[in-house]
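[1] Attaching a predicted model along with its sequence, questions to come.
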Amino acid sequence: MQEAARKYLHPDRLVILVVGDKDEILKGHPDHAEKLTDFGGGKLVDVPLRDPMTMKPMRRILGL
């Protein structure tokens, strides 16, 4: 298992997908000292949802 992990898992290429209310997520959890910005060198990239018909970025989905 360790050998496979060393071969195939590369922390420098790690991607964490987080879906939800960005402001709430960035606050973190009071029971845990870690924040999302502690991972991946603190680099966060916002990727907007896209309308599947037009592929244009959507600002937000209403009613969800």
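    Looks like it arrived, so ask away. Numbers count the residues shown, from 1 in each chain.
[2] how close does residue 1 get to residue 30?
    Going from residue 1 to residue 30 by CB to CB, to the nearest Å gives 34 Å. C-beta: built from backbone N, CA, C; applies to glycine.
[3] and if you look at residue 51?
    36 Å.
[4] who's more crowded, these two?
    Legend: neighbour count by other CB atoms under 10 Å for residue 51 and residue 30, higher for residue 51 (11 against 6).
[5] Now do the contacts for the more buried one.
    Counting by CB atoms under 8 Å, 6 or more residues apart in numbering, residue 51 touches 57-58.
[6] Need the pLDDT of it.
    For residue 51, the pLDDT comes out at 86.
[7] ranges for the strands of this structure?
    Counting by DSSP state E, one finds no strands in the chain.
[8] just for it, where's the confidence low?
    40, 59-64 (pLDDT under 70).
[9] Which parts of it are helices?
    Using DSSP state H, the helices of the chain run over residues 2-8, 22-27.
[10] Determine which stretch of these is the most buried.
    Of those, the one with the most neighbours on average (mean count of other CB atoms under 10 Å) is helix 22-27, at a mean of 11.
[11] Contacts for that one next, please.
    Counting by CB under 8 Å, 6+ apart, 18, 35-37, 46 sit against helix 22-27.
[12] try 7 Å
    18, 36 (CB atoms under 7 Å, 6 or more residues apart in numbering).
[13] Alpha carbons of that helix, in CSV - could you do that?
    Provided in CSV are the C-alpha atoms of helix 22-27 (Å, rounded to 0.1, in the frame of the first residue of the first chain):
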residue,chain,number,x,y,z
LYS,A,22,-17.6,29.8,0.3
ASP,A,23,-17.8,32.3,3.2
GLU,A,24,-19.0,29.6,5.6
ILE,A,25,-16.4,27.1,4.4
LEU,A,26,-13.5,29.6,4.8
LYS,A,27,-14.6,30.2,8.4
